[in-house]
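Engineer: Show me how the following folds:
(2 chains)
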2 protein chains.
Amino acid sequence: MTDLFMQAAIDEAKKGLAAGGIPIGSVLVIDNKIVSRGHNQRVQQGSAILHAEMHCLEQAGRLSPADYKKATLYSTLSPCDMCSGTALLYGIPNIVVGENKTFQGPEDYIRSRGVKLTILQNAECIQLMEDFIASSPELWYEDIGKE
Amino acid sequence: MTDLFMQAAIDEAKKGLAAGGIPIGSVLVIDNKIVSRGHNQRVQQGSAILHAEMHCLEQAGRLSPADYKKATLYSTLSPCDMCSGTALLYGIPNIVVGENKTFQGPEDYIRSRGVKLTILQNAECIQLMEDFIASSPELWYEDIGKE
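Structural biologist: Sure, this is the predicted structure:
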């Protein structure tokens, strides 16, 4: 059975896909409650920085440093350099990742900085990305800065 | 004499300060031209992610992977984990930093990933941050996720 918080992140990814966007979703959990949700906004807002995790953290608004220190960030996909760096900036100690089969961020590096990563290899997360990359490779390469 | 591009970043920092914000500014340069400008938007937009560099990159809009590969990012302050990670995501090869005396991001790490960093230790950049940190320490600690 899929973790309820990861399911909420998958729901965000599907919302993005339905709007013509890149199907990656994220939620931020503090004290066992979802405090914000987000999904990739490259297409929808023409954004270069609103990956799912960034959109989720922005939707959370200005939190105190203490709040971040007890947060868990859920993402349907392994966080890229930008999103991983943002977790490091705020000292978010836990990241739960839907899958790292279709893309892998700097996991060893953020582990070396003290972040605990949990990789679920969720079949639905993998399918969402495999289908998307096959249908829209240029958009995907743009999103991860690859030529 | 201050580098013209760094001067433009300093002008952004001062614009932010005049609006009651955190005085950090950034410009993105491609082919020797400024393509976007930004400054920290924590106060002005209630943003958790719009550091100066992020605001600048967002203002640039969706660029091609090839554009980023010939860009130079200017920032009045050493880029934090988030902003450094964003430069890594997009493969921005050059970062010119106003100063790293009042704050230092993961400089060794991004150098190890191939980024060329140039640190100017510009007196005006240092003064802007020293004055700001002295007058608004809580806001500053919030911006860098420190308790």
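
Engineer: For A:Ile110, which non-adjacent residue is closest in space?
Structural biologist: A:Ser84 (4.9 Å; Cβ to Cβ, 6 or more residues apart in numbering or on different chains). Where C-beta positions appear, they are placed from N, C-alpha and C, glycine not excepted.

Engineer: again with A:Glu58
Structural biologist: Once flanking residues are discounted, A:Glu58 sits nearest to B:Ile49: 5.0 Å by Cβ to Cβ, 6+ apart.

Engineer: Repeat that for A:Lys14.
Structural biologist: Per Cβ to Cβ, 6+ apart, closest to A:Lys14 is A:Pro23, 6.6 Å.

Engineer: neighbours around the one you found, how many?
Structural biologist: For A:Pro23, the neighbour count with other Cβ atoms under 10 Å in any protein chain shown is 25.

Engineer: hang on, the earlier thing: check contacts around the residue nearest to A:Ile110.
Structural biologist: Going by Cβ atoms under 8 Å, 6 or more residues apart in numbering or on different chains, A:Ser84 touches A:Gly105, A:Pro106, A:Glu107, A:Tyr109, A:Ile110, A:Val115, B:Gly85.

Engineer: again, but for A:Val35
Structural biologist: A:Leu28, A:Val29, A:Ala60, A:Leu63, A:Ala71.

Engineer: try 6 Å
Structural biologist: By Cβ atoms under 6 Å, 6 or more residues apart in numbering or on different chains, the contact list for A:Val35 reads A:Leu28, A:Ala60.

Engineer: just to revisit the earlier point, look up the pLDDT of the residue nearest to A:Lys14 for me, please.
Structural biologist: pLDDT for A:Pro23: 98.

Engineer: now A:Met1
Structural biologist: As predicted, A:Met1 sits at a pLDDT of 59.

Engineer: hmm, stretch A:121-139 touching chain B?
Structural biologist: No - on the criterion Cβ under 6 Å from any Cβ of the partner chain, stretch A:121-139 is out of touch with chain B, staying 9.7 Å away.

Engineer: ok, back up a step: would you confirm that the residue nearest to A:Ile110 belongs to a helix?
Structural biologist: Yes - according to DSSP: H, G, I helix; E, B strand; the rest coil, A:Ser84 belongs to a helix.

Engineer: can you list contacts of the helix ranked longest in chain A?
Structural biologist: Looking across chain A with DSSP state H, the single longest helix is helix A:4-18. Helix A:4-18 is contacted from outside by A:23-27, A:29, A:34, A:37, A:39-40, A:74, A:76, A:98, A:124, A:128, using Cβ under 6 Å, 6+ apart.

Engineer: Could I get the contacting residues of A:Ala52?
Structural biologist: Residues in contact with A:Ala52 (Cβ under 6 Å, 6+ apart) are A:Ile24, A:Gly25, A:Ser26, A:Gly38, A:His39, A:Asn40, A:Ser75.

Engineer: Tell me what the fifth one is bridged to.
Structural biologist: A:His39 has these beta-bridge partners by DSSP bridges: A:Gly25.

Engineer: Would you map the strands across chain A?
Structural biologist: A:25-30, A:33-39, A:71-75, A:94-97, A:116-119 (DSSP state E).
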